[in-house]
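S.K.: whatever this is, show me its structure:
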Amino acid sequence: MAGPQCCANPPNLNPGSGVGHVEELGGLKTYVNGSSQSKLGVLLVSDIFGYEAPNLRKLADKIAAVGFYVAVPDFFYGDPYEPNPEKPFQAWLKDHGADKGFDDAKPVIQDLKSKGITAIGAVGFCWGAKVVVQLAKVEFINAAVLCHPSFVTPDDIKVVEVPIAVLGAEIDHSSPPALVKQFEEILSAKPEVDAFVKIFPKVSHGWTVRYNIEDTEAVRCADEAHQNLLEWFVKYVK
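M.R.: Okay, here's the model as predicted:
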């Protein structure tokens, strides 16, 4: 499910943000950071606002700083969502479905492996969570994290094969706590899949990447989620 919260708090896109650089991976422009000697990779799949969002790149840099090679592809081919009365969100979404994102992610993963990366984690934000849950198979990645997912269904969760963390928001109409709890119940019935499910109180959909950097509490909540996903990847991407 997607709604107004998916489009709220749009970032000011900045192609020059971050301390990494842009190169091509799997046919997509991709922001990358991290040691080329690392054998461990993390793929970030953005929300609808795309790979130039400064907070997203800041998180990529944070993940790279602990030893991962991080890739943030431009799954929207230079066309991230922008409020436009002539092209409403649903019309934009028809051109940028998560199934296409899933197909585009596979050659990116192949390119990461061709660099010598032997273990890969993936984290998806909002729109990107649907892509990552489809990647959550042993042939693609080693671990997954979903942050305030959109479009993810219980049926998606049922077929997950790798360790997965779901970070939900208390104030979320796309994946309300009741749905996240349903995900937790499904995962609890799959003892072969390690899982971590957490609902963050008093935060809204998008809080991990679309926070106000001048709001101390918002930054603290985002940092807590970032720490959780980092701990997940340190544990399972090795």
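S.K.: tell me the pLDDT at the residue in the chain sticking out farthest from the centre?
M.R.: Distance to the chain centre peaks in the chain at Glu86, reaching 28.1 Å (criterion: CA atoms, centre = their mean). With respect to pLDDT, Glu86 scores 81.
S.K.: tell me how far Pro149 lies from Ser36.
M.R.: Distance of Pro149 to Ser36, given as CB to CB, to the nearest Å: 31 Å. For every residue, glycine as well, the C-beta is placed using N, CA and C.
S.K.: name the residue in the two with the higher neighbour count.
M.R.: Shown here are Pro149 and Ser36; by other CB atoms under 10 Å, Pro149 has more neighbours (29 against 9).
S.K.: name the SS class of that one, please.
M.R.: Here Pro149 is recorded as coil under DSSP: H, G, I helix; E, B strand; the rest coil.
S.K.: isn't it right up against Val123?
M.R.: No. Between Pro149 and Val123 there is no contact under CB atoms under 8 Å: 10.8 Å.
S.K.: now the residue nearest the centre of the chain, nearest residue through space, not along the chain?
M.R.: Residue closest to the average C-alpha location in the chain (CA atoms, centre = their mean): Gly124, at 1.8 Å. Nearest non-adjacent residue to Gly124, counting by CB to CB, 6 or more residues apart in numbering: Val132, 3.3 Å away.
S.K.: in what element of secondary structure is the one you found found?
M.R.: helix 127-135 (DSSP states H and E).
S.K.: re the thing from before, quick one: contacts for the residue nearest to Gly124?
M.R.: Leu43, Val45, Ala122, Val123, Gly124, Ile141, Ala144, Val145, Leu146 (CB atoms under 8 Å, 6 or more residues apart in numbering).
S.K.: who's in contact with Val152?
M.R.: For Val152, the contacting residues are Ala129, Lys130, Val133, Leu146, Ser175, Phe183, by CB under 8 Å, 6+ apart.
S.K.: next one: Pro11
M.R.: Contact analysis of Pro11 by CB under 8 Å, 6+ apart lists Phe49, Ala53, Pro54, Asn55, Leu56, Val209, Arg210.
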